[in-house]
Each structure stands twice: as C-alpha cells, then as structure tokens.
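Enquirer: need a structure here:
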Amino acid sequence: MDGAIKHYSEDTFESIKHINEFGQEYWLARELQMVLEYSQWRYFEIAIERAMEACEKSGIDSEDHFAHIRKMVEIGSGAYREIDDYEFSRYACYLIVMNGDPRKEVIAVGQTYFAVKTRQQELIDQYDQLSEDQKRLAIRREMAEHNKSLADAAKNAGVIEQRDYAIFQNMGYKGLYGGLGVQEIHARKGLKKSQKILDHMGSTELAANLFRATQTDEKLRRENIQGKEKANQTHYEVGRKVRETIKELGGTMPEDLPTPGKSIKQIEREQKKLTEE
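Expert: Presented below is the predicted three-dimensional model:
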C-alpha cells in the first residue's frame, strides 16, 4: 500500500470481470486476490478453501463455481513457470468476500456488491417464469422468514425491548431510503395506519429490503456486534450500502418505485380463492 486513499465501488469488481466464449461471466483468482488486498497467494488460498467448504455444505458442487486452472507466467529473462489459478463464478466471489475481513473497505464493498448481484441472479433464475404478483408473494414470504432471523440477531446484539427493535428497524429503512423512516415511507405510499409497508411494495422494492435484512443479519452475527447503538448503526450502514449499490447499478431508488395497486393480503386472498375453485 502506498498510503494513497482508494475509492472502491462496483467498478472495482466489474473492471476485472471476464466473459467466456459462452457468454458466461467469471473472475480470475489472481486478479481478485490483488483487488481484495491479499498480500500473498497462500493467504488467499485459505479464503478460497473456506469458501469452497461453505459451498459444499450448502449442497452445491464447488467445482461448478471454483474451476481450478494452471497457467504459464513469465518470471523474467524469457523464462516461464506454471502457477495455480481459479476461474470463479459470481457465487464463488460472493462466498469468498463473505469470509473476508469486513474491516477492509474493499471487502465491505465486495460483500454488498456480490450479495446484491448474486441475489438478483437467484431471483431471475427462480422467478423468471412468475408473474409480478407471484414474485411479490414469494419475496414477501422470504422477507418474513428473514425478519425473524434478523430479530434474533438483533436480540443477541442487545436490542431487547419492542420499542428498541422498532428503532433498530427504522434505522435500516433510513439507510436504504435516503433518510426516510417507516412513518415517512408509510405516508409516501398513502397507506392507512393499520397497513404494513412491506405488503405494499413491488418485487423490486421487496428485493432491496430483503438484501438489507439478510446482510444486516449476517453482519451482526459475523462480527458479534454488541450494544443497541452499534446494532442500529450497523443496520443503517448496510441499508445505505445497498442504496449506493442500487445507484451505481443505475436502478431506481426504492422510495421512487411505484406502489402496487394490490396489497400482499389481496393477492393471497385471490390465490386462495383460485385453489378453492
């Protein structure tokens, strides 16, 4: 490191992305090692091994995402030697940065970037054939499950009382919505007091909130964050990072996305009626 201040963004990772002859994207391990500021290959290999183990434990064949290759590199005076390298899928990169040191700015940026991109691809793969209403239902149900896990992680961090948890949730929304809290979002959507904002979001807005919830959950647990204030700040910062990534990707800010005409409860009633007919 030369002491110069570096600025990391999605371009940090986009700039080293490759596309093969089949139109598939991949990242080379040796290039990712340098971007993630691993000084030596042997240290980066440890991170790769941990990521591959996590992949296998998830029931996914690691060879589909971590392609081991060997290549010749010039070492000077016309001499060459063979070295190990890998071709990583986006999911492999995601697992690697999730096992990295979150205190490094580049790791923190990478975690958000690859988490958002990987989740977007999952949603495309899983929901491409579904209607917008079906996508909303699927993501909303997933959101409900992840919010339970997030509440548990927040409790472990010291967010015990219901009032404190409401403040904790509000901080996440403020980060993602550019300073707007639950009440402001509720008013912006023109909802009644009893209506929940998550039930009045389209699939894109729900997905952004799902990223926020899952990444906050993981960060609270991974870093063993303790104290209400630190938990609140963590939720806010994760929300803000997701917002920055959406902006860098050229997406619409969540507060500017349209509010659907139907609520999740209306869609559920319609779905139930169809199954009963």
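
Enquirer: give the helix, strand or coil label for residue 70.
Expert: Secondary structure, DSSP: H, G, I helix; E, B strand; the rest coil: residue 70 is strand.

Enquirer: and it, what does it touch?
Expert: Each residue near residue 70 by C-beta atoms under 8 Å, 6 or more residues apart in numbering is listed here: 82-85. From N, CA and C alone the C-beta is placed, and that goes for glycine too.

Enquirer: who does it form a beta bridge with?
Expert: For residue 70, the beta-bridge partners under DSSP bridges are residue 84.

Enquirer: to what extent is residue 259 buried, counted in neighbours?
Expert: The number of residues packed near residue 259 is 15, by other C-beta atoms under 10 Å.

Enquirer: no, scratch that, I was asking about residue 11
Expert: Around residue 11 there are 11 other residues, counting by other C-beta under 10 Å.

Enquirer: give the contact list for the residue nearest to residue 214 when sequence neighbours are not counted.
Expert: In this structure, residue 214 finds its nearest non-sequential neighbour in residue 146, 5.5 Å apart by C-beta to C-beta, 6 or more residues apart in numbering. Taking C-beta under 8 Å, 6+ apart as the contact definition, residue 146 lies against 210, 213-214, 217.

Enquirer: report the secondary structure state of residue 146.
Expert: Assignment for residue 146 (three-state DSSP): helix.

Enquirer: flag the shaky bits of the stretch 51-200 of the chain, pLDDT-wise.
Expert: Segments of the stretch 51-200 of the chain classed as low confidence (criterion: pLDDT under 70) are 101-102, 116, 118-130.

Enquirer: same thing but at 90, please
Expert: Counting by pLDDT under 90, the stretch 51-200 of the chain shows low-confidence ranges at 54-60, 70-84, 90-91, 94-146, 193.

Enquirer: all helices for it, in order.
Expert: Assigned helices in the stretch 51-200 of the chain, in chain order: 90-98, 105-127, 132-157, 162-176, 182-188 (criterion: DSSP state H, counting those that start in this stretch).

Enquirer: most tightly packed of those helices?
Expert: Of all the helices of the stretch 51-200 of the chain, helix 90-98 carries the top mean neighbour count, a mean of 24, counting by mean count of other C-beta atoms under 10 Å.

Enquirer: alpha carbons of that helix, as CSV, please.
Expert: Taking Å, rounded to 0.1, in the frame of the first residue of the first chain, the C-alpha atoms of helix 90-98 are listed here in CSV:
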residue,chain,number,x,y,z
ARG,A,90,-20.2,-14.7,-9.2
TYR,A,91,-21.4,-17.0,-6.4
ALA,A,92,-17.9,-18.1,-5.7
CYS,A,93,-16.8,-14.5,-5.3
TYR,A,94,-19.7,-13.9,-3.0
LEU,A,95,-18.6,-16.7,-0.7
ILE,A,96,-15.0,-15.5,-0.7
VAL,A,97,-15.8,-11.9,0.3
MET,A,98,-18.3,-13.1,2.9
